[in-house]
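**Q** Below are the sequence and a predicted model; questions follow.
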Amino acid sequence: MKILILGGFLGSGKTSIIIQLAKYIVGNNPENITKVVILENEIGEVSIDDKMLRGGGYEVTNMFSGCICCTMSGELVIGLNHIMRDFSPQLIIMEATGVAYPHNIRETITQSVPEVDCYVTCVTDAKRWKKLLRPMEMMLKDQLNAADVILINKVDMVDQDTLAEVEASIRTFNHNAKFFKVSAAEQIDTKVFDAMLGNG
Ligand SMILES: Nc1nc2c(ncn2[C@@H]2O[C@H](COP(=O)(O)OP(=O)(O)OP(=O)(O)O)[C@@H](O)[C@H]2O)c(=O)[nH]1
Ligand SMILES: [Mg+2]
């Protein structure tokens, strides 16, 4: 089983990206039913309508959980065990709250849930990066450090020069991750989703 954790600051675009990712998974492989469970944080502006994600016989379950942050690791493990028992999904997509530390979530999962491959994507907001960097540096640094994939989102909202500056700044926080510039307001390239899922 795979677990994909999406971290990133409040309002950076996590849910918008999950919606596109889920549609991609649903549409990608009609012969082979992929069971996906999406765990949402419940504070978001954009919410997931699970009917939208059902199609072609796929079992896509949308569950609303409380805040899955580091202080609730016990509940996280219990919750994951229940999901695995009830749904036996191949993939769980988990949206962390904007103030959670994906690194802690990954550690909790890999220590407590056997036979799971954990992937972390961090979503950043190109529009607000410069404003947030100073007050939030420690948190952003931690979130970026933990990531296998870093998405620089909302590129439609900044000019080329700002984007270049923002990208250079973000890259200093992680030298190993795969970077992609995206806009969740438009169609995201499928190679981004493959990278997030560890498929390429
Ligand atoms: N223009 C533009 N707007 C975006 C983009 N991505 C997200 N948004 C908007 O930004 C707002 C926040 O997006 P969400 O997907 O809810 O962000 P989130 O990270 O899930 O937010 P929280 O769960 O509250 O932390 C919404 O109004 C989205 O429509 C983008 O690439 N471009
Ligand atoms: Mg959200």
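**A** Cool, got the structure. Ligands and ions are numbered 1, 2, ... in the order given.

**Q** ok, H175 - how many residues close by?
**A** 6 (other CB atoms under 10 Å). No exception for glycine: its C-beta is placed from N, CA and C like everyone else's.

**Q** And what about it, helix, strand or coil?
**A** Three-state call for H175 (DSSP: H, G, I helix; E, B strand; the rest coil): coil.

**Q** Quick one: find the helix or strand in the chain with the lowest mean pLDDT.
**A** Between all helices and strands in the chain, the lowest mean by mean pLDDT, DSSP states H and E belongs to strand 60-64, at a mean of 50.

**Q** Skip ahead from that strand and say which helix or strand is next.
**A** Reading on from strand 60-64 to the C-terminus, the next helix or strand found by DSSP states H and E is helix 73-87.

**Q** Check which helices and strands that next one is in contact with.
**A** strand 36-40, helix 102-112 (3 or more CB pairs under 8 Å, 6 or more residues apart in numbering; DSSP states H and E).

**Q** right, so these: which one is the most enclosed?
**A** Mean neighbour count (mean count of other CB atoms under 10 Å) peaks for strand 36-40 among those, with a mean of 23.

**Q** quick one: is that one near ligand 2?
**A** No: using CB under 5 Å from the ion, strand 36-40 stays clear of ligand 2, with a minimum separation of 6.7 Å.

**Q** That strand pairs with which strands, parallel or anti?
**A** strand 60-64 (parallel), strand 91-95 (parallel) (DSSP bridges).

**Q** And the longest helix seen in the chain, what does it pack against?
**A** Ranked by residue count under DSSP state H, the longest helix found in the chain is helix 129-145. Judged by 3+ CB pairs under 8 Å, 6+ apart, the packing partners of helix 129-145 are helix 102-112, strand 117-125, helix 160-171.

**Q** Identify whichever of these lies nearest to ligand 1.
**A** strand 117-125 (6.1 Å; CB to the nearest ligand atom).

**Q** Not counting that closest one itself, show me its contacts.
**A** 1-9, 11-14, 17, 102-103, 106, 109-110, 132, 140, 143-144, 146-154, 166, 170, 177, 196-198 (CB atoms under 8 Å, 6 or more residues apart in numbering).

**Q** Would you mind getting the angle between that strand and helix 160-171?
**A** 140 degrees (axes from the mean of the first three to the mean of the last three CA atoms, to 10 degrees).

**Q** With ligand 2 in mind, check whether strand 117-125 reaches it.
**A** No: Strand 117-125 is not in contact with ligand 2 by CB under 5 Å from the ion; minimum separation 9.5 Å.
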